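[1] dropping a prediction and its sequence here:
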Amino acid sequence: MYVDTSVMVKLYVREPDSEACEAVADGASLVSSGLLFCEFRSAIMGKVSRGSVSREVGAEVWQEFKRDIEARYIQLVPLDDVLVRDAADLLAELRPNVQLRTLDALHLATFLSAEVGPLLTKDMRMLKAAEHLGLALAV
C-alpha cells in the first residue's frame, strides 16, 4: 500500500482520523516516496513549533520513524529524474481540473511507478487527482 505524508503522520501522532488510518494500514506493507523522509520531519517539527506535541515527543516520534525505515517496515522509493519528469507530466495532465502541488505530484508519480496496491492519502488535492486518474484508493 502506498502511503503519503498526510497519512504517515497520523500513524505516528494522534490526530482525529488516526484510528481510521491505522485500521486501513494495519498489516499492510507500507511504501512511499523517498521525499517522505524530509516531509515527515518537517511535519513533526511543525507540530513541535505549534505546541501540538512536546519537543520530547517530537524527538521520540522521529526516532521511531527512522527505526521503522531502517527495519524496512516502511519502504521508500528513491526519487530519480524519471519520477521528476513523470511528476511534471502529471501536473500538466491534471490542470486545470486539479491544482496539484509539486510534492503531491511527486508522490503520485512514485505511486504510479511502484505498483504496490492502493493509495492511502488524506490530502484532498491528491484524492481529487487520484480520482481523476482512476487510481485505486484504500478506504
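    Perfect, I can see it now.
[2] just the strands in this structure please.
    2-3, 30-33, 74-77, 119-120 (DSSP state E).
[3] turn those into CSV, columns for mean neighbour count, mean pLDDT and distance to A43.
    No exception for glycine: its C-beta is placed from N, CA and C like everyone else's. As requested, the strands of the chain are exported to CSV (neighbours: other C-beta atoms under 10 Å; pLDDT from 0 to 100; distance: least, C-beta to C-beta, whole Å):
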stretch, mean neighbour count, mean pLDDT, distance to A43
strand 2-3, 26, 98, 13
strand 30-33, 24, 98, 13
strand 74-77, 17, 98, 15
strand 119-120, 24, 97, 16
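[4] what about S42, how many residues nearby?
    12 (other C-beta atoms under 10 Å).
[5] ok, A109 - contacts?
    Residues in contact with A109 (C-beta atoms under 8 Å, 6 or more residues apart in numbering) are L83, V84, D86, A87, D89, L90.
[6] doesn't S113 make contact with the third one?
    Yes: with the criterion set as C-beta atoms under 8 Å, D86 and S113 qualify as a contacting pair; they are 7.0 Å apart.
[7] between the two, who's got more neighbours?
    Neighbours were counted for D86 and for S113 using other C-beta under 10 Å; D86 has more, 18 against 14.
[8] which residue is the nearest non-sequential neighbour of that one?
    Spatial nearest neighbour of D86, chain neighbours left out: A109 (3.9 Å); criterion: C-beta to C-beta, 6 or more residues apart in numbering.
[9] sorry, back to before: narrow the contacts of A109 to just the buried residues.
    For the contacts of A109, a burial check counting by 16 or more other C-beta atoms under 10 Å picks out L83, D86, A87, L90.
[10] between those residues, which is nearest L103?
    Lowest distance from L103 to the buried ones among the contacts of A109 (C-beta to C-beta) belongs to A87, with 8.8 Å.
[11] the closest one is in contact with T102, isn't it?
    Yes: A87 is within contact range of T102, at 7.2 Å (criterion: C-beta under 8 Å).
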